[in-house]
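A.B. asks: Sharing a sequence plus its predicted fold:
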Amino acid sequence: MIKSMTGYGKATGDYKDKKITVEIKSLNSKNLDLFVRSQSVYKEKEIEARKLVSTKLERGKVELNIQVENVGGSLKNEINQELAQQYYSEIKALNETGIGQENVDYLGMILRMPDVFVASADNLEDEEWEAILNLIDEASDKLDQFRMDEGKSLEDDLRLRIKNIGDLLEMVDPHEASRIEGIKERMRKSLQDNFSNEADENRFEQELIYYIEKLDISEEKVRLANHLNYFAENIDLPKSNGKKLGFIGQEIGREINTLGSKSYNSELQKIVVQMKDELEKIKEQVLNVL
């Protein structure tokens, strides 16, 4: 089973007179890189939120956004005066550079800036945080489902590319006889051009056999076929593993490169180029696999 690394999940709920919205987004990353955005009253609980998300989402550049707004009842917010002063200093300095305007409503602008209003510390109840954790869990599940849905199209494309390389590999055999014959002819011509009739024919045949054995691609074809099968087997595993698929892709690339270096045949080189093109598309897609 393949899962995409990118995804999105959203969950909303209510607690007393508050509306809670939890959003989780994920992009490609080698490891879990988690960023949490929430109001200051919830900062002390951030470690707990991180732990929950990390158990649900293995890898990716993940952004968790917790937004809580009061939709009724008495407001229990305070003004973060230190942050408001910083906003005022920066906005005033920017305005004085000449790119601003006269009669600026500094207070109005500051009150609209992020995190100027913060919930009172005593406003966080255990039940409220439990409700938030439940929404984080729900949003994580939705993101995971999103990843599975996206993974289906990734899986279809990877299977197609692996099959294409396998089909190209089967096209190598018909060119084997002409490839060997071409190598013999080139070596014989080179020998005649440089040594005329002085060469020993028996020695030439021995050397010819040696070099043809060195340029034999039977092992490369077998290993490449095995790697292709192994790649397909790992796609079918219950757990998505993009890193492992990437490693197998590297092994596939090594065998394709060796085939190219040993080909000495224009038709085989064309096949190798097509294989490399398919492999590049595989590598691009594997970067998106969880």
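C.D. replies: The structure has been received and is ready for your questions.
A.B. asks: So which residues of this protein form strands?
C.D. replies: Per DSSP state E, the chain carries strands over the ranges 7-15, 18-27, 32-37, 60-70, 77-79, 117-119.
A.B. asks: Who are the contact partners of Ile256?
C.D. replies: Ile165, Leu224, Val272, Met275, Lys276, Leu279 (Cβ atoms under 8 Å, 6 or more residues apart in numbering). Yep, even glycine has a C-beta here, placed from its N, CA and C like the rest.
A.B. asks: Spit out the contact partners of the residue lying closest to the third one once chain neighbours are set aside.
C.D. replies: Nearest residue to Val272, sequence neighbours excluded (Cβ to Cβ, 6 or more residues apart in numbering): Gly260, at 4.0 Å. Gly260 makes contacts with Leu268, Gln269, Val272, Val273, Lys276, as judged by Cβ under 8 Å, 6+ apart.
A.B. asks: returning to that earlier point: switch the strands of the chain over to a markdown table; also include mean pLDDT and mean neighbour count.
C.D. replies: Putting the strands of the chain into a markdown table (pLDDT from 0 to 100; neighbours: other Cβ atoms under 10 Å) gives the following:
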| stretch | mean pLDDT | mean neighbour count |
| --- | --- | --- |
| strand 7-15 | 95 | 17 |
| strand 18-27 | 94 | 20 |
| strand 32-37 | 93 | 15 |
| strand 60-70 | 91 | 18 |
| strand 77-79 | 73 | 14 |
| strand 117-119 | 67 | 17 |
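A.B. asks: In a markdown table, list the ones you listed along with distance to Asn202.
C.D. replies: Formatted as a markdown table, the strands of the chain follow (distance: least, Cβ to Cβ, whole Å):
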| stretch | distance to Asn202 |
| --- | --- |
| strand 7-15 | 68 |
| strand 18-27 | 66 |
| strand 32-37 | 66 |
| strand 60-70 | 65 |
| strand 77-79 | 98 |
| strand 117-119 | 93 |
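A.B. asks: closest to Glu213 out of these?
C.D. replies: strand 60-70 (48.5 Å; Cβ to Cβ).
A.B. asks: export that closest one as CSV, just CAs?
C.D. replies: Taking Å, rounded to 0.1, in the frame of the first residue of the first chain, the C-alpha atoms of strand 60-70 are listed here in CSV:
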residue,chain,number,x,y,z
GLY,A,60,6.5,15.0,6.5
LYS,A,61,6.7,18.7,7.0
VAL,A,62,3.6,19.0,9.2
GLU,A,63,1.8,22.2,10.3
LEU,A,64,-0.8,21.9,13.1
ASN,A,65,-3.0,24.9,13.5
ILE,A,66,-5.4,25.2,16.5
GLN,A,67,-7.8,28.0,16.3
VAL,A,68,-10.3,28.8,19.1
GLU,A,69,-12.8,31.6,18.9
ASN,A,70,-15.4,32.8,21.4
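A.B. asks: Sweet, I'm off.
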